[in-house]
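In: Okay, sequence plus prediction incoming.
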Amino acid sequence: MEKRRIAILGSTGSIGRQALDVVRQHPDMFEVELLTANNNSGLLIRQAIEFDVNTVVICNPDKYREVADALQPRYIKVFSGMDSACGLVQGDNIDMVLASIVGFSGLKPTISAIEAGKAVALANKETLVAAGEIVMDAARRHNAPILPVDSEHSAIFQCLQGSRGAEIAKIHLTASGGPFRTWDKDRIAEATPEEALKHPKWSMGSKITIDSATMMNKGLEIIEAKWLFDTPAEKINVLVHPQSLVHSMVEFKDGAVIAQMGHPDMRGPIQYALAYPERLPLNNKKLDFTALGALEFHAPDRDRFPAMDIAYEAIAKGGNMPCIMNAANEVAVQAFLDGRIKFYDITDIISACMAGVDFVGSPDLDTICMTDEAAASKAAEIISQKY
Ligand code: MG
């Protein structure tokens, strides 16, 4: 494989740090050209020095001076603000962009990379949830390959190698069930942020960990899968699989099912996206089948975890509805983390926003951005009035 020159958007987050660990194991395969971070200037500076990058962007302008003072003497270029990131990802010195910014703010730089025809390793799920049709259209027009990094979508993508889309009968999207899988509804209703942040299987950032607890994460992933694999939501089936060893499965029209397995470790899907179509050796834990024990698969409990039905409803309505759902969820999750609302208020607030924000059937990118703002302010308004 020719050395790939990569940009990592959101390098100080959980996916960004694990991606740099993959690069650390294969320094001859990758050249890190660009790193961006929102706020964590200290870690960004250390990463830039270790990987001797060309350019960094610190989005928070208040941190610009600190980063510039540390890196400019080493001839590393330093910029501030998300707009700089949108321009820099289009540079000729970049082959592939890892989009690992959390939340809706990852949308613009991802679109910008696609418009320059870059290969995009996509870890930001909100991009496809809020603007799936626009993003996939742009990827087709600009010949930009989209390589999924989310573990389930990487699994599906791996299962589909050598197959044609028309052969898919069903996608089985697996879910760990999160920290409240065995809790009854009354106990879940009183759950604290600390309890919700204790994910049984995966080590991830706080937003996605709360999304796993509500199972909105699976809702977002249904929508992601629909766009990535051009498969209607009715053919995407969620299975709770507490062992988290089968990362998803594809059932074909002849009844054959292909599963992708491994210990839960995001470095696997990250290396698959970064090195595709090759595979790289990794110093991760390997499966010992004689020690695995039983693998369980259950239907999800839609009464205790209403978020999945909300997501199916959003994707059935289409248009800007998934964007409304996503924006309301981002605000509600933050309010839950801040201790302002209770656990089931998250899904109540999302439903209220889906009913209360203007629906647009065929939104363009500007409409999507306006919808995100409108739904976020609606959610904030509900929280300040009712809670
Ligand atoms: Mg996932």
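Out: Thanks, I have the structure now. What you see is a predicted model; the values in this text were computed from it and never measured.
In: tell me which helix or strand of the protein sits lowest on mean pLDDT?
Out: Every helix and strand of the chain was ranked by mean pLDDT, DSSP states H and E. The lowest is helix 206-214, at a mean of 93.
In: Can that one be said to contact the ion?
Out: No - taking CB under 5 Å from the ion as the criterion, helix 206-214 and the ion are apart, separated by no less than 7.6 Å. For the C-beta atoms, the positions are set from N, CA and C on the backbone; glycine is no exception.
In: following that helix, which helix or strand comes up?
Out: helix 216-228 (DSSP states H and E).
In: got a list of contacts for the least confident helix or strand of the chain?
Out: Helix 206-214 is contacted by residues 102-103, 175-176, 178-180, 191, 193, 196-197, 199, 202, 204, 217, 220, 305, 307, 329-330, 333-334, 336-337, 343, 346-347 when judged by CB atoms under 8 Å, 6 or more residues apart in numbering.
In: out of the residues you listed, which are buried?
Out: Burial by neighbour count, judged by 16 or more other CB atoms under 10 Å, picks out 102-103, 175-176, 178-180, 191, 193, 196, 199, 202, 204, 217, 220, 305, 307, 329-330, 333-334, 336-337, 343, 346-347 from the contacts of helix 206-214.
In: Next, whichever residue of the stretch 101-250 of the chain sits closest to the ion: phi, psi?
Out: In the stretch 101-250 of the chain, the residue that lies nearest the ion is Asp150 (4.3 Å; CB to the ion). Asp150 adopts backbone torsions of phi -50, psi 140, taken as degrees, to the nearest 10.
In: What sits closest to it if chain neighbours are left out?
Out: In space, and not counting its chain neighbours, Asp150 is closest to Lys125: 5.8 Å by CB to CB, 6 or more residues apart in numbering.
In: For the nearest residue to Lys342 once chain neighbours are set aside, which residues are in contact?
Out: Take Lys342 and drop its neighbours on the chain: the residue closest to it by CB to CB, 6+ apart is Ala189, 6.5 Å away. Counting by CB under 8 Å, 6+ apart, Ala189 makes contact with Lys342, Phe343, Tyr344.
In: Among the residues you listed, which ones are in helices?
Out: Phe343, Tyr344 (DSSP state H).
In: Which of the contacts of Ala189 sits closest to the ion?
Out: Using CB to the ion, the contacts of Ala189 come closest to the ion at Phe343, 20.3 Å.
In: distance between the longest helix seen in the chain and the chain's centre?
Out: Across the chain, the helix with the greatest residue count (assigned by DSSP H) is helix 365-386. Chain-centre distance of helix 365-386: 21 Å, with CA atoms, centre = their mean, to the nearest Å.
In: For the closest residue to Ala374 other than its chain neighbours, grab the count of nearby residues.
Out: Leaving aside its sequence neighbours, Ala374 sits nearest to Val357 (CB to CB, 6+ apart; 5.3 Å). As a burial measure, Val357 scores 23 neighbours (other CB atoms under 10 Å).
In: Thr192 too?
Out: Neighbours around Thr192, by other CB under 10 Å: 11.
In: contacting residues for it?
Out: By CB under 8 Å, 6+ apart, Thr192 has no neighbours at all.
In: Now do it against Tyr75, distance only.
Out: 48 Å (CB to CB, to the nearest Å).
In: again with Ile156
Out: With CB to CB as the criterion, Ile156 and Tyr75 are 42 Å apart.
In: again with Asp358
Out: Following CB to CB, the distance that separates Asp358 from Tyr75 is 50 Å.
In: Equivalent analysis for Gly13, please.
Out: 26 Å.
In: again, but for Ser206
Out: Taken as CB to CB, the span from Ser206 to Tyr75 is 35 Å.
In: Over to Val257?
Out: 53 Å.
In: And the strands in the stretch 51-200 of the chain?
Out: Using DSSP state E, counting those that start in this stretch, the strands found in the stretch 51-200 of the chain span residues 55-58, 77-80, 96-99, 119-122, 146-148, 168-175.
In: And for the closest residue in space to Asp28 that isn't next to it in sequence, the neighbour number?
Out: Once flanking residues are discounted, Asp28 sits nearest to Lys3: 7.1 Å by CB to CB, 6+ apart. Lys3 has 12 neighbouring residues, counting by other CB under 10 Å.
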